[in-house]
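Participant: Sharing a model that was predicted from the sequence below.
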Amino acid sequence: MSLSFNLSEEQQMLRDMAHDFAKNEIRPVAEHYDTSMEYPWEIIKKAHELGLVSTHVSEEQGGMALSAMDGLLIAEELAWGCTGIGTALEANGLAQQPVILGGSKALKDKYLAPMVEEPKMCAYAVTEPGAGSDVQGMKTTAVKQGDKYILNGSKMWITNAGICDWMFVVALTDPSKRASGGMTAFVVEKDWDGVLVGKKEINMGQRCSDTRGVTFENVEIPEENVVGRVGDGWKLAMAAFDYTRPAVACAAVGLARAAMEHAIGYSTQRRAFGKPLFSHQAIAFMIAEMSMNIEAGRMLCWKSAAMKDAGLRNTMEASHAKAFCADMAMKVATDAVQVFGGYGFNTEYPVEKLMRDAKIFQIYEGTSQIQRLIISRELFVRNR
């Protein structure tokens, strides 16, 4: 059995296409979207034309059914361009994945197939105002009435909430069971009566990504919009993370790579004490640490994605990648600001934005602390 880190010709072409798109379409407008906080619709339309959006939809629904590894290659390059725009482009994957895994053919045909034809967006609505990391503490309920469910409750920090066509929503259908068969997943259309979308949140970083609260007031959900089996909502919501966490982690790698490149460029141009900054060991070693950790992070991402593509359970490995890369990206971005000195603290230079953007990687799709909780539990289960 051989092990290779070489990409196939098709994968290299996919990576190059994503990189060129990030270089030519994303980077030139990243500052504008960060400042204006506008949703990057024009970029999304161009990305859709190239097949860089909704990439994991199955061939049966007209999609490309790209592998987890293929998705990582795209995610890193888009994030290298701008993680705010990258998150807007990649957020579909999290909402789509549970439908891909557990949805009926009719549900996939109705909600996934149109997203291949035109640039439509969806949202993963699971987090609640009083139950962030504690998803099992959710209070949103869906009560069965005849051939429909009545949905009531609130969700918070929902990416794409203001611009999506539909949401993947998990609600309590049997409060006595909660995560053990008491949560059910649904596809809920944003325009249905009783779906109330809040104001756009103004965040520290990734400001062009659309993040809002959502309230459901007696929303009627047809029975056919249940995703998977009744009671399997928790399992589907968590199973999606095994696919998406490696991609989010690789996006953190893309941000860190951009920060390192800026630090290298500045350290070769700026002089201090009569010689270029990179000639000083303190700076050179700092950048060497960036390179080491970026490479290590990418390998964790690739391993977790390769395991998923091989049909293996990768829950712990996905958390390895997510926790390490999130913390690593924050440190690399912070160190890049340090290399720039006072200029790094100024908005006219690119690294302050990267530092702001990096912080959310330690929070969304499971905080760095939750990843450590998952890893510790997996370790004790595997070593009993």
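Facilitator: It's in. Residues are numbered from 1 along each chain as shown.

Participant: What are the boundaries of the helices in the chain?
Facilitator: 9-21, 27-36, 41-50, 68-81, 83-102, 105-111, 113-117, 233-269, 281-309, 315-340, 351-358, 368-382 (DSSP state H).

Participant: Spit out the contact partners of the residue sitting furthest away from the middle of the chain.
Facilitator: Farthest-out residue of the chain from its mean C-alpha position, per Cα atoms, centre = their mean: Gly274, at 44.0 Å. Gly274 makes no contacts at all, as judged by Cβ atoms under 8 Å, 6 or more residues apart in numbering. For the C-beta atoms, the positions are set from N, CA and C on the backbone; glycine is no exception.

Participant: how close does it get to Ala282?
Facilitator: In this view, Gly274 and Ala282 are 15 Å apart by Cβ to Cβ, to the nearest Å.

Participant: With Arg212 instead?
Facilitator: In this view, Arg212 and Ala282 are 44 Å apart by Cβ to Cβ.

Participant: Between those two, point out the one with more neighbours.
Facilitator: Of the pair Arg212 and Ala282, Arg212 is the one with more neighbours under other Cβ atoms under 10 Å, namely 20 against 9.

Participant: Report the contact partners of that one.
Facilitator: Contacts of Arg212 (Cβ under 8 Å, 6+ apart): Ile158, Ala161, Gly162, Val197, Gly198, Lys199, Lys200, Glu201.

Participant: for stretch 96-111, what is the average pLDDT?
Facilitator: Mean pLDDT, computed over stretch 96-111, is 97.

Participant: Which positions in it come out as buried?
Facilitator: Within stretch 96-111, the residues that count as buried by 16 or more other Cβ atoms under 10 Å are Gln96, Gln97, Pro98, Val99, Ile100, Leu101, Gly102, Gly103, Leu107, Lys108, Lys110, Tyr111.

Participant: List the residues that contact the residue lying closest to Lys235 once chain neighbours are set aside.
Facilitator: In this structure, Lys235 finds its nearest non-sequential neighbour in Gly228, 7.9 Å apart by Cβ to Cβ, 6 or more residues apart in numbering. If you count contacts by Cβ under 8 Å, 6+ apart, Gly228 has them with Pro98, Leu101, Gly102, Gly103, Ala185, Lys235, Leu236.

Participant: Per-residue pLDDT of the closest residue to Arg271 other than its chain neighbours, please?
Facilitator: Distance criterion Cβ to Cβ, 6+ apart; nearest residue to Arg271, sequence neighbours excluded, is Leu277 at 7.1 Å. Leu277 is assigned a pLDDT of 85 by the prediction.

Participant: circling back to that earlier point, please identify which of the contacts of Gly228 is nearest to Lys139.
Facilitator: Lys139 lies nearest to Ala185 out of the contacts of Gly228, by Cβ to Cβ, at 16.2 Å.

Participant: Touching the lowest-mean-pLDDT helix or strand in the chain from outside, list them.
Facilitator: Lowest by mean pLDDT, DSSP states H and E among the helices and strands of the chain is strand 271-272, with a mean of 84. Strand 271-272 is touched from outside by Leu277, His280, with contacts defined as Cβ under 8 Å, 6+ apart.

Participant: circling back to that earlier point, pLDDT score for the residue farthest from the centre of the chain?
Facilitator: pLDDT, Gly274: 85.

Participant: Lys177 versus that one, what's the distance?
Facilitator: 70 Å.

Participant: do Arg382 as well
Facilitator: Look at Arg382 and Lys177: by Cβ to Cβ, they are 26 Å apart.

Participant: Between those two, tell me which one has more neighbours.
Facilitator: Comparing Arg382 with Lys177 by other Cβ under 10 Å, the one with more neighbours is Lys177, at 13 against 8.

Participant: Please look at the more buried one and Val230 and confirm they touch.
Facilitator: No - with contact defined as Cβ atoms under 8 Å, Lys177 does not count as touching Val230 (10.9 Å).

Participant: one step back: how about the residue nearest to Arg271, what does it touch?
Facilitator: Contacts of Leu277 (Cβ under 8 Å, 6+ apart): Tyr266, Ser267, Thr268, Arg270, Arg271, Ile283, Val339.

Participant: can you rerun that using 6 Å?
Facilitator: Leu277 makes contact with Ser267, Arg270, Ile283, according to Cβ atoms under 6 Å, 6 or more residues apart in numbering.
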